[in-house]
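1. quick one, what's the 3D model for this:
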Amino acid sequence: MTKEKVFISEADQYLFAQGTHYDIYKKLGAHLSTEDGVQGVYFGVWAPNAAQVNVIGTFNEWNEESHPMQKLGEGGIWGLFVPGVEEGTMYKFLIYARDGRKLYKADPFANYAEYRPGTASIVTDITGFDWKDSKWMEARDKKDMNKEPMAIYECHIGSFMKHPNNGTAEGFYNYREFADRIVEYLKGMKYTHVELMGIAEHPYDGSWGYQVTGYYAPTSRYGTPKDFMYLVNELHKAGVGVILDWVPAHFATDAHGLAEFDGQCIFEHPDPRLGEHPEWGTKIFNYGKNEVKNFLVANALFWLREFHVDGIRVDAVASMLYLDYGKKDGQWLPNKFGGNKNLEAIEFFHHLNSVIRGTYPGFLTIAEESTAWPNVTSGIGEEGLGFSFKWNMGWMHDFCEYMKLDPLYRKGDHYAMTFAMSYNDSENYILPLSHDEVVHLKCSMVNKMPGYPADKYANLRVGYSYMFGHSGKKLLFMGQDFGQEREWSEERELDWYLLGEKLNQGVHTYVKELLKLYRKYPALYEIDNNWDGFEWMNADDAEHSTYCFVRKCSSGKNNLLFVLNMTPMKWENYTVPVPKKKKYKLLLNSDEERFGGWGNEIPTEIMAEKKPYHYKDYSISFDLPPYGAAVFLF
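-> Residues are numbered from 1 along each chain as shown. I've put the predicted structure just below:
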């Protein structure tokens, strides 16, 4: 296919310097091009402090002198058309720093990179993919996700499942092979979205993709950019949304990456008190620089436009908002008002969310923000950061700490489990049980639970019932939906063999039932961010460590009652206050033997009686199983 001529105009340079060239990735980088009838590649790079930049690669046998680039203007962009260069060519930019150093840098805008431990960029063509997801894309942009079900499966491709026969030590499935397996799994389980970790190119597997060198390149661990497009396309055809982990907070210090790119700090702040994370050993982006903001905003748009991604989960937002995050005295500088808020990062979030959500209302921006920063999920143009959703880290912490307790002591911490509803209407929340909760000696979800194995799995079932009943969208890390017992490691696949065990298969079946229930009944997702969708029936029964609440939808029909027992005791003839004199139909009993339970039965229908209890005129009574979760329709 003949390519049009690529060149970088004065207008391109001007807009990039202003921070508003949202298509800059189509100009900088390496692009197949035709000049005067000759096909080749146009190379462009931003290196404002370089004395000279040359292109080196397999096309010139890495000759350091043969292909000097031309500096195009005062903004520091360099360009060069090289005839005869073809797709698949490896290359780097050789940057001559003003102090005489020679720096061999990968292309910040490359769309494809050499398989690690190689560090070269690779010329590739990301145009021309035959997308088949137009129905999905059209429907997505019409949805208000606050009122839609969102149950996210957080997934790391390299350790989801290992390939038995691909002949490499890593055993990676490529994106296309992975597509077949993940689509089948997500459709079977009824997840609505998948959140993929570690897609942008990164040098070190152990960083899980959170220390990036190639922001514009899907990692070559699993194939080509078009292989990744195939994965997204197949997920969309199956009705599954795709969210990417996105890391604008910091970047890797590897020599071929962005750090001191042209011999000076152009992507990071030159003052280490503003430009380095001492705990993480990474560099912090300089959000006060227009070109850096442009690099990041255009990058989010790149994944959205070119790869049809449906959302980004923005990692480590708190570390961006606070200048002193993870730093000791003397390791940070206050802002111009003397405070610890990063004013440039705040402005960056306003810019990012207004451009993306203002143009693509169906696209999700999700903040992993661990503090009480106000108005993270505000509307565009309102006071606030402008994100679609925020991870509820407070709920996650309280939930995990409570569930770890011996049941004898849970009554002393009873209100940890009710606290999140006291601030639930302040943001649009996602309830996350992510990879961070099942690493670094924190134990897997099932091994956080107290007791013997049967108790642990019963605890997990009732805990997940609470999660799916609670206001807020849902996120569950891979393996935790079948009771993975070991902590997660990026080096090995999930312990799929556990599905042959009764307790694991029981949890897996139960989570599938919860997901089916969640997607079937609008009461569980339609009103997530105010009290119209949630009502406590009894939040105060600390003595029995039970919780009773109702989820409601706008129609007033098909509401759901949740009754949860957080102890190993069977509460006989347990009384539950209810809102109406109606028949309560049992939808789910976590103690069924098919879920790995003990088989205690609950009546399939219970008629409410006019027996006032706990501020309600009506109540029902039944035997509540140990660690039992009962869900009723009324």
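2. host element of Glu184?
-> Element membership for Glu184, per DSSP states H and E: helix 175-189.
3. now for that helix, which elements pack on it?
-> strand 151-156, helix 157-160, helix 225-237, helix 502-520 (3 or more C-beta pairs under 8 Å, 6 or more residues apart in numbering; DSSP states H and E). Just so you know, the C-beta spots here come from the backbone N, C-alpha and C atoms, and that holds for glycine as well.
4. pull out the buried positions in stretch 291-311.
-> Of the residues in stretch 291-311, 291-304, 306-311 count as buried by neighbour count, 16 or more other C-beta atoms under 10 Å.
5. mind listing what Ala372 touches?
-> Contacts were defined as C-beta atoms under 8 Å, 6 or more residues apart in numbering; by that measure Ala372 touches no other residue.
6. my reading is that it lies in a strand. Confirm?
-> No: secondary structure assignment places Ala372 outside any strand; it is coil (DSSP: H, G, I helix; E, B strand; the rest coil).
7. distance of it relative to Ser426?
-> Taking C-beta to C-beta, to the nearest Å as the measure, Ala372 and Ser426 are separated by 9 Å.
8. before we move on, what about Leu560?
-> For Leu560, the distance to Ser426 (C-beta to C-beta) stands at 24 Å.
9. so these two - more neighbours on which side?
-> Leu560 (21 against 14; other C-beta atoms under 10 Å).
10. how far away is the nearest residue to Asp413 once chain neighbours are set aside from Glu368?
-> With sequence-adjacent residues excluded and distances taken as C-beta to C-beta, 6 or more residues apart in numbering, Asp413 is closest to Tyr402, at 5.7 Å. Counting by C-beta to C-beta, the gap from Tyr402 to Glu368 is 22 Å.
11. I'd like the next helix or strand past the helix or strand that contains Phe622.
-> Following DSSP H and E, one finds Phe622 within strand 618-624. Counting by DSSP H and E, the element after strand 618-624 in chain order, helix or strand, is strand 629-633.
12. listing partners with orientation, what would you give for that following strand?
-> The strands beside strand 629-633 in its sheet (DSSP bridges) come out as strand 560-565 (antiparallel), strand 583-589 (antiparallel).
13. tell me which residues touch the residue lying closest to Glu4 once chain neighbours are set aside, please.
-> Leaving aside its chain neighbours, Glu4 sits nearest to Thr34 (6.7 Å; criterion: C-beta to C-beta, 6+ apart). The neighbourhood of Thr34, defined by C-beta under 8 Å, 6+ apart, consists of Thr2, Lys3, Glu4, Lys5, Gly40.
14. beta-bridge partners for Thr34, please?
-> Beta-bridge pairing of Thr34, defined through DSSP bridges, involves Gln39.
15. where does the stretch 501-634 of the chain dip in pLDDT?
-> Along the stretch 501-634 of the chain, the model assigns pLDDT under 70 to no residue.
16. so Pro225 is in contact with Ala110, correct?
-> No: applying C-beta atoms under 8 Å as the test, Pro225 and Ala110 come out as separate, 10.1 Å apart.
17. quickly list what's touching both of these two.
-> By the contact definition C-beta under 8 Å, 6+ apart, Pro225 and Ala110 are jointly contacted by Ala217.
18. the more surrounded of the two?
-> Higher neighbour count among Pro225 and Ala110: Ala110, with 26 against 21, using other C-beta under 10 Å.
19. for the more buried one, helix, strand, or coil?
-> coil.
20. burial count for the closest residue to it other than its chain neighbours?
-> Computed as C-beta to C-beta, 6+ apart, the closest residue to Ala110 that is not its neighbour in sequence is Ser121, at 3.6 Å. A count of nearby residues for Ser121, using other C-beta under 10 Å, gives 29.
21. please identify the most buried of the strands paired with strand 629-633.
-> strand 560-565 (a mean of 24; mean count of other C-beta atoms under 10 Å).
22. and the contacts of it?
-> If you take C-beta under 8 Å, 6+ apart as the criterion, strand 560-565 is touched by 462, 465-466, 469, 521, 523-524, 537, 544-551, 571, 574, 576, 578, 584, 587, 624-634.
23. mind checking how far Phe595 is from Met566?
-> With the distance defined as C-beta to C-beta, Phe595 ends up 17 Å from Met566.
24. same check on Ser465?
-> Looking at Ser465 against Met566, where the rule is C-beta to C-beta, the gap reads 10 Å.
25. same thing with Tyr210?
-> Between Tyr210 and Met566 the distance, using C-beta to C-beta, works out to 34 Å.
26. which of those two has more residues huddled nearby?
-> The neighbour count for Tyr210 versus Met566, taken as other C-beta under 10 Å, is higher for Met566 (25 against 21).
27. much appreciated, bye for now.
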